[in-house]
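prediction below, plus the sequence it came from.
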Amino acid sequence: MACFFDYKTRAIMFLRLVVLLCMLVCSFAHLQRFEHPAKADGTLSFLVIGDWGRNGSFNQSQVAHQMGRIGEKLDIDFVISTGDNFYDNGLMGVNDPKFEESFTKVYTAKSLQKQWYSVLGNHDYRGDVEAQLSPVLRKIDSRWLCLRSFIVNAEIAEFFFVDTTPFVDKYLMDKDHTYNWQGLPSLKTYRTNILKDLDLALRESSAKWKIVIGHHAIRSAGYHGDTPELINHLLPVLKANNVDLYMNGHDHCLGHVTSQDSPIRFLTSGAGSKAWRGFVNSNYGKALKFFHDGQGFVSVELSQIDARIVFYDVFGEVLHKLSLSKDLHSAM
């Protein structure tokens, strides 16, 4: 009887191990892909906003109003959120009223009733992470789509969304806040697999434009500044695969930094609500092309041959323009 019990116990443990391994493989073996068609003429336009969810306060509603105006003017196809979607501690569950109060009831303009593609930020990890990823929210507001890491294929451009919070070591040692790593059995496994899968997806991409989106900055002149873990692990993958833009939030500002050893442009759009005024890292020198320490957002227009990127303030005024050419791949 004892032998049978031991055999049965081992069999159950083995089956549980198999199930766990299958879960890991299914979770990390590939990046989920979504298709989003470009316009009939082959062009694409969208807005980028980050660090916004404050129930409309800290000028979030004012920024949203101007996003609606510019979104209508450009006939945008979708909106990208660079994370920290709900302050201060993410959502408490799928029924948290903060979702509607900070998202549905704020971004009400007709032009913003398009798909929103969102990544998680570090503040989102302080709440119920699985809530933001849940399809239940899509039933509440069909615009919402938030996953850890995924790809959006928009014909002339491919967008590679990367959940960067698990890369940042300091969150593992933060004694002041609790981070919810639910759904990530191993942070090391996640990091290894997402880099491998991203590298493969970028190498296989035939899109004219390759754009990577994450919450944390690789290069930024804002308060948080550069993220060493991303410089060491993510940046080499981007360089090796001719990525055009890396777009992030985290720093509550707008910024544009160039690279000395690659054509990658580092664009920060984390000014959706509360901004941090009075701080700029001036160590970048000529690599820092633009910085604004107030609220605002970014628009991007893409064609087969060029990209037009504009930074706006809380009043919808143009602060900075950037033009790129696929032929020259340099600012005009």
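Cool, got the structure.

can you give me the helices in this protein?
2-28, 60-74, 98-99, 129-133, 135-140, 187-204, 228-233, 235-240 (DSSP state H).

quick one: list the elements packing against the shortest one.
Other helices and strands packing on helix 98-99, by 3 or more CB pairs under 8 Å, 6 or more residues apart in numbering; DSSP states H and E, are absent; none qualifies. (C-beta placed from N, C-alpha, C; glycine too.)

which residues touch that helix?
G53, N55, F86, L91, M92, L137, I140, D141, W144 (CB atoms under 8 Å, 6 or more residues apart in numbering).

can I get these in JSON lines including neighbour count and distance to T227?
Shown next, in JSON lines, are those (neighbours: other CB atoms under 10 Å; distance: CB to CB, whole Å):
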{"residue": "G53", "neighbour count": "25", "distance to T227": "21"}
{"residue": "N55", "neighbour count": "18", "distance to T227": "28"}
{"residue": "F86", "neighbour count": "25", "distance to T227": "21"}
{"residue": "L91", "neighbour count": "24", "distance to T227": "24"}
{"residue": "M92", "neighbour count": "14", "distance to T227": "27"}
{"residue": "L137", "neighbour count": "23", "distance to T227": "28"}
{"residue": "I140", "neighbour count": "15", "distance to T227": "32"}
{"residue": "D141", "neighbour count": "15", "distance to T227": "30"}
{"residue": "W144", "neighbour count": "22", "distance to T227": "26"}
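
any idea which of these is closest to A221?
Closest to A221 out of these is G53 (24.0 Å), distances taken as CB to CB.

can you list the low-confidence ranges for the stretch 201-332 of the chain?
Along the stretch 201-332 of the chain, the parts satisfying pLDDT under 70 run over 327-332.

domain ranges for the protein?
Domains of the chain are assigned by automatic domain parsing as 1-30, 33-325.

quick one: average confidence on the first one?
Average pLDDT, domain 1-30: 46.

just list the residues touching D141, thanks.
Per CB under 8 Å, 6+ apart, neighbours of D141: F99, E100, F103, T104.

and the third one, how many residues sit next to it?
By that I understand F103. 23 (other CB atoms under 10 Å).

how about low-confidence regions in the stretch 1-150 of the chain?
For the stretch 1-150 of the chain (pLDDT under 70), the answer is 1-29.

mind doing that once more with 50?
The stretch 1-150 of the chain contains residues with pLDDT under 50 at 1-2, 4-5, 8-9, 11-12, 14-29.

I'd assumed L234 was in contact with F167.
Yes. Applying CB atoms under 8 Å, one finds F167 in contact with L234, separated by 7.1 Å.

now L47: how far from F58?
Separation of L47 from F58 (CB to CB, to the nearest Å) stands at 19 Å.

same thing with V310?
Distance from V310 to F58, by CB to CB: 22 Å.

about what we covered before: more neighbours: L47 and F58, which one.
L47 (27 against 18).

residues contacting that one?
Per CB under 8 Å, 6+ apart, neighbours of L47: M67, I70, G71, I76, V79, I80, L112, F297, V298, S299, V300.

with S118 instead?
Contacts of S118 by CB under 8 Å, 6+ apart are I80, S81, G83, N85, Q132, W144, L145, C146.

cool, thanks, signing off.
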